[in-house]
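>>> Got a predicted structure here, sequence first:
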Amino acid sequence: MACRISELVLDCADPERLAAFWSEVLGYVELGREDDGSIEIGPPDAGFGGPQPTLILSPSSDPRTGKLPLHIDVSPTDRDQEAELPRLLALGARPVDIGQGDDVTWHVLSDPEGNEFCLLRRRIPPV
């Protein structure tokens, strides 16, 4: 037996803002809301338990105190990396310098709340 990742939970100051951002980045839709203000987003055709994990944006007023120990990598599905980068920047992503150098094949970005993620070079087929 094995496990698989079914959902990722991201504490954030503004769940609405991040749900909108990550929905556009990933092509996800809102799946539900909880009384605590959490918003779950996921693939429009599968939702929770499908082949891709859902993302829960959970409200938190705890200040972030540095680089997250975990980050998300995304890969383009319907265009190459250089065409996807301007789209992500237009959605509100920002380039981040974490000392990665000029020789890497990925772009380090942050979402509107400063959570780092990487745009990888390899294009993958959509699920």
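Nice, I can see it.
>>> what kind of secondary structure is residue 20 in?
helix (DSSP: H, G, I helix; E, B strand; the rest coil).
>>> Can you list the low-confidence ranges for the chain?
The model of the chain has pLDDT under 70 over residues 1.
>>> Pop the domain breakdown of it in here.
7-61, 68-127 (automatic domain parsing).
>>> any chance of these in CSV, plus mean neighbour count?
To be clear about C-beta, it is placed using only N, CA and C from the backbone, and glycine gets the same treatment. Output for those, formatted as CSV (neighbours: other C-beta atoms under 10 Å):
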stretch, mean neighbour count
domain 7-61, 17
domain 68-127, 14
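>>> need the helices for the protein, in chain order.
Assigned by DSSP state H, the helices in the chain fall at 15-26, 81-91.
>>> Take the ones you listed and write them to a markdown table, including distance to residue 8.
Listed next are those as a markdown table, based on distance: least, C-beta to C-beta, whole Å:
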| stretch | distance to residue 8 |
| --- | --- |
| helix 15-26 | 10 |
| helix 81-91 | 18 |
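>>> so which of those gets nearest residue 61?
With respect to residue 61, and counting by C-beta to C-beta, the nearest of the helices of the chain is helix 15-26 at 12.0 Å.
>>> now for the closest one, which elements pack on it?
Here helix 15-26 touches strand 29-33, strand 39-42, strand 54-59, helix 81-91, going by 3 or more C-beta pairs under 8 Å, 6 or more residues apart in numbering; DSSP states H and E.
>>> between the helices of the chain, which one is nearest to residue 57?
helix 15-26 (4.0 Å).
>>> Contacts for stretch 3-14, please.
18, 40, 42, 48-49, 53-62, 72, 112-113, 115 (C-beta atoms under 8 Å, 6 or more residues apart in numbering).
>>> Quick check, central residue of this protein?
With distances taken as C-alpha atoms, centre = their mean, residue 22 lies nearest the centre of the chain, 5.1 Å away.
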